[in-house]
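Asks: Need coordinates for the below:
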Amino acid sequence: MKNSYLLHIILCLFACVQLSAQEISADSIRTLNDEAFDLGRDYRFGKALSYSYIAIQHSTSNNDNSSLASSYHVLGRTYGRMQYREKAKKYYNKALQIQRELENKRQIVLVYHDLVRISQEEKNYEKAHVYLEEGYEVAKASRAENNFLVLDWAKVSLLEEEGKHEELLEFTDEMIARVKAMDLSKMMLTASINFLEFVKGTTYYNLGNYEMAQKFLEKHTTNEYVHVPNLAKSYQQLAVIYKSQGNIEKQRVAHLKYQENLKKKLDDDYKSVQEELLTNYSLSKDQLKLDVLEEKNHQKSIIVNRFRVVLAIIVLLLIGCVLLGALIIKAIYKKIKSNKLLRMKYNKLEEAKLKAEMTSKTKSNFFSMMSHELRTPLYAVTGITHLLLEENPKPSQKQYLKSLKFSGDHLLSLVNNILQANKLEDNTITIGTSTFNLKANIDNIIKSFDLLIKDRENELNIAYDKEIPELLVGDSLKISQILINLISNAIKFTKGGTIRLSVEKLEETHDDVLLHFCVQDTGIGIPKEKQEKVFEMFSQNYDEINQQYQGSGLGLSIVKKLLEVYNSDIHLESKENVGTTFTFDIRFPKTSEGVDPNIEVYLDDVDFSHLKMLVVDDNKINQMLTKKILSIKKITTDIVASGAEAIETVQNNHYDLILMDIHMPEMDGYEATKAIRKFNKEVPIIAFTAVSLDDSMPKIINSGMNDMIIKPFEATQLFALIQKHMK
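Replies: Numbers count the residues shown, from 1 in each chain. Alright, predicted model coming up:
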């Protein structure tokens, strides 16, 4: 009876081994690869990788080299879309090696096409041309026109990015003739001709031949089968052409169409990325991590073969080795189960790590882009408003301008809060250690609220302890952000009442001083059940209050997180219809310096008229605005619109200071500064950017720049910075 039971166990195990060794069809593997390709194209990278891993596993088990090469190719494309280019090249080359052995010329050409593209993304144009020539040799040997066409599309993109416009124009004409001679479907033929004519339009535009560019670009906007990004680019270039012709109406319509198509592309991209980030998926127990699969594949084959031999021996020697066989089976079963559990846990950890990296990278890129795109137009709004206020406007206009300035400042505050919230969420905020005057900081903050206080019919009182040292060491910007958010919150929820800010010294030692801050108002108060949630991000009071007092719900959460960086807590006391009080303590080191190095300079007494400055900025409005601000102090100003022009101008002229924009086409401010530093190491160069200080300062210093000012800014900030770097 016992022997019969063990025999059944052995036979079952033998059947399981045979079942696990069964092959799945090549069509099923092809379906897995098709799913992986579609998922990768839709930004759903996690699932795409999972499908590729399964396809590679089954291809290896089947010894199906053709399917294995296709699986490697699809996996390379997924990693390419994820910007993991080294991994992408690794699997492209694996696919290429197998396809060469199989002499599958069509697939070899397709791999070369992707290698050209990824080399182009890495700006390695020389390598891209090498791949292109090798691909054309294979296409020539295949004598198939379709293979040439695959590489032709890659060559068009490469020539366009290299700026070889004359060569691209000639090659495009050759391609149009080749496409028309091929036996293509009507839709494929139309789409191909449409795209090539679009390329000709943009090429003529880049060559400055606006007449020919207009002809092809206008035709492109009416064609069928056009892609939204290409359509956006056509309208953008047509807007420039119409502007050069003085046709304002057409320019306006083209610019509007450009914005519509650009928004559609951004919405589609954002939706795809959001779907990936919000997707909740998990790897099944059979989805092995590729690196582990490749390392263990050979060992697994040996183990399976040995296991079969052992089972055969156990069956033949069953009567004499029953006990020994049972022990071996039990040990093997435990080992397999343990290894499977370990592999599953390892796969889940790798999956979570990959998803976190993708989320962080996408989020960081998005906020960096938003910082630049939002601050740049705000510089024009706040700067022009400031200039108009300085030019003695009519009394009837002055109130409108003040309101406009307040709205611009409010919008800038909201942008700063959103970006600051992101940095705090990522724990990338650090505390500066410079000497500053706390009382002067508070006075400046109060002045900035004059208009809002009057509008809300409030009274603001300050109580500042005279025993507080005049100069402290810390991050004045972070302290200002904390106080601005608390005072702004008090003003918003108080009308016809009183707001009080007090700063009191609690204790003082030889090295530091502990200060107690209190912001108190007589506003509407916060219900007790809501008080714990007010410090949560995007949290506001209840709906009825939100309708009357709108806001982002970020201010108090930013205050709490900034105080945590200072190892401090914020305390709240509030009663409905009575008011609210916020308190916190911060310990500041005392300065050993005799004078304040950052003490305010009376700029009215400084003569700037002898200075000659160079402004490097590709934005026409910013050029006009900056030059106007500098003219207030009678500073001689030259303007250039690119990094290359800046290098040439500095070589031929003497300047006392350079304002250098960071983000410019062709050559950015970093590259231009490095080039200037090769022949001029003395002239001060100030970064002139809309990207936040925390993101850019290390790169700015490493490029050779001396300082930085963030757009938008107050004119006094700019003049103070210029005075700082005057010889």
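
Asks: give me the low-pLDDT residue ranges for the stretch 401-550 of the chain?
Replies: 401-403, 405-430, 432, 537-550 (pLDDT under 70).

Asks: What ranges does it have for its helices?
Replies: Along the stretch 401-550 of the chain, the stretches classed as helices by DSSP state H, counting those that start in this stretch are 438-448, 450-455, 476-492, 543-548.

Asks: closest one to Glu351 among those helices?
Replies: Ranking the helices of the stretch 401-550 of the chain by distance to Glu351, with C-beta to C-beta as the measure, places helix 476-492 first at 37.1 Å. Just so you know, the C-beta spots here come from the backbone N, C-alpha and C atoms, and that holds for glycine as well.

Asks: Can you name every helix or strand that the closest one contacts?
Replies: Based on contacts counted as 3 or more C-beta pairs under 8 Å, 6 or more residues apart in numbering; DSSP states H and E, the elements that helix 476-492 packs against are helix 395-425, helix 438-448, helix 450-455, strand 498-508, strand 512-521, helix 555-565, strand 579-589.

Asks: From the chain's centre, how far out is the shortest one? Work that out for me.
Replies: If I follow you right, that is helix 450-455. Helix 450-455 has its average C-alpha position 37 Å from the chain's average C-alpha position, going by C-alpha atoms, centre = their mean, to the nearest Å.

Asks: Which secondary structure elements does that helix sit against?
Replies: Counting contacts by 3+ C-beta pairs under 8 Å, 6+ apart, helix 450-455 is packed against helix 395-425, helix 476-492.

Asks: gap between the helix or strand hosting Phe719 and the chain center?
Replies: Remark: Phe719 resides in helix 715-725, with elements defined by DSSP states H and E. Relative to the centre of its chain, helix 715-725 is centred 31 Å away, using C-alpha atoms, centre = their mean.

Asks: Could you list the buried residues of that helix?
Replies: Using 16 or more other C-beta atoms under 10 Å as the burial criterion, the residues of helix 715-725 that qualify are Ala715, Leu718, Phe719, Ala720, Leu721, Ile722.

Asks: So, low pLDDT: which residues of the stretch 601-727 of the chain?
Replies: Screening the stretch 601-727 of the chain residue by residue with the criterion pLDDT under 70, one finds the ranges 601-603, 691-697, 727.

Asks: can we see that at 90?
Replies: Applying pLDDT under 90 to the stretch 601-727 of the chain picks out residues 601-607, 618-625, 628-629, 632, 662-668, 688-703, 706-721, 723-727.

Asks: Quick check: the nearest residue to His255 once chain neighbours are set aside vs Ala95, distance?
Replies: Counting by C-beta to C-beta, 6 or more residues apart in numbering, the nearest residue to His255 once its immediate chain neighbours are dropped is Ala239, at 4.3 Å. With distances defined as C-beta to C-beta, to the nearest Å, the gap from Ala239 to Ala95 amounts to 43 Å.

Asks: So these two - more neighbours on which side?
Replies: Neighbours around Ala239 and Ala95, counted as other C-beta atoms under 10 Å, are more numerous at Ala95. The numbers are 26 against 21.

Asks: could you say which helix or strand contains that one?
Replies: Following DSSP H and E, the helix or strand that holds Ala95 is helix 85-102.

Asks: hang on, the earlier thing: got a list of what the residue nearest to His255 touches?
Replies: Each residue near Ala239 by C-beta atoms under 8 Å, 6 or more residues apart in numbering is listed here: Gln251, Ala254, His255, Tyr258.

Asks: quick one, what contacts the last one?
Replies: The reference is to Tyr258. Ala232, Tyr235, Gln236, Ala239.

Asks: quick check, nearest of these to Leu102?
Replies: Among the contacts of Tyr258, Ala232 lies closest to Leu102 (C-beta to C-beta), at 41.4 Å.

Asks: ok, now how distant is the residue nearest to Gly523 when sequence neighbours are not counted from Asp42?
Replies: Nearest-residue entry for Gly523: Thr494, 3.5 Å, with adjacent residues in sequence omitted and distances by C-beta to C-beta, 6+ apart. Look at Thr494 and Asp42: by C-beta to C-beta, they are 50 Å apart.

Asks: Likewise for Asn485?
Replies: According to C-beta to C-beta, Asn485 and Asp42 sit 40 Å apart.

Asks: Just give me how far the host helix or strand of the residue nearest to His255 sits from the chain centre.
Replies: Assigned by DSSP H and E, Ala239 belongs to helix 228-245. Relative to the centre of its chain, helix 228-245 is centred 26 Å away, using C-alpha atoms, centre = their mean.

Asks: Pull out the buried positions in that helix.
Replies: Residues of helix 228-245 classed as buried under the neighbour-count rule (16+ other C-beta under 10 Å) are 228, 230-239, 241-242.

Asks: and what of stretch 324-335?
Replies: Buried residues in stretch 324-335, defined by neighbour count with 16+ other C-beta under 10 Å: Gly325, Ala326, Ile329.

Asks: just stretch 179-199 next, same as before
Replies: Neighbour counts over stretch 179-199 (16+ other C-beta under 10 Å) mark Val179, Leu184, Ala191, Ser192, Ile193, Asn194, Phe195, Leu196, Glu197, Phe198, Val199 as buried.

Asks: all strands for this structure, in order.
Replies: Ranges of strands in the chain, per DSSP state E, are 434-436, 459-464, 472-474, 498-508, 512-521, 570-575, 579-589, 612-616, 636-640, 657-661, 685-689, 707-710.

Asks: closest to Lys528 out of these?
Replies: Counting by C-beta to C-beta, Lys528 lies closest to strand 570-575 out of the strands of the chain; the figure is 7.9 Å.

Asks: helices or strands next to the closest one in the packing?
Replies: The helices and strands touching strand 570-575, judged by 3+ C-beta pairs under 8 Å, 6+ apart, are helix 555-565, strand 579-589.

Asks: Specify the beta-bridge partners of the spatially closest residue to Asp707 that is not a sequence neighbour.
Replies: Of all residues beyond its chain neighbours, the one nearest Asp707 is Ile686 (4.8 Å), with distances taken as C-beta to C-beta, 6+ apart. On the basis of DSSP bridges, Ile686 takes part in beta bridges with Leu659, Asp707.

Asks: how near is Ile686 to Ile709?
Replies: Ile686 sits 6 Å away from Ile709, going by C-beta to C-beta.

Asks: what's the neighbour count on Ala48?
Replies: Using other C-beta under 10 Å, the number of residues around Ala48 comes to 26.

Asks: same check, this time on Asp38
Replies: For Asp38, using other C-beta under 10 Å, the count is 14.

Asks: quick one on the thing from earlier: what sits in contact with each of Ile686 and Ile709?
Replies: With contacts taken as C-beta under 8 Å, 6+ apart, the residues that reach both Ile686 and Ile709 are Leu659, Leu721.

Asks: So which of the two has more stuff around it?
Replies: For Ile686 versus Ile709, neighbours defined as other C-beta under 10 Å are more numerous around Ile686 (21 against 17).

Asks: ok, the contacts of Ala239 vs Thr636, which is closest?
Replies: When those are compared for distance to Thr636 (C-beta to C-beta), Gln251 comes out closest, at 33.4 Å.

Asks: what's around the closest one, how many residues?
Replies: By other C-beta under 10 Å, 18 other residues sit near Gln251.

Asks: try Pro712
Replies: The criterion is other C-beta under 10 Å. On that basis, Pro712 has 24 neighbouring residues.

Asks: distance of the closest residue to Leu169 other than its chain neighbours from Ile29?
Replies: Of all residues beyond its chain neighbours, the one nearest Leu169 is Thr203 (5.0 Å), with distances taken as C-beta to C-beta, 6+ apart. For Thr203, the distance to Ile29 (C-beta to C-beta) stands at 42 Å.
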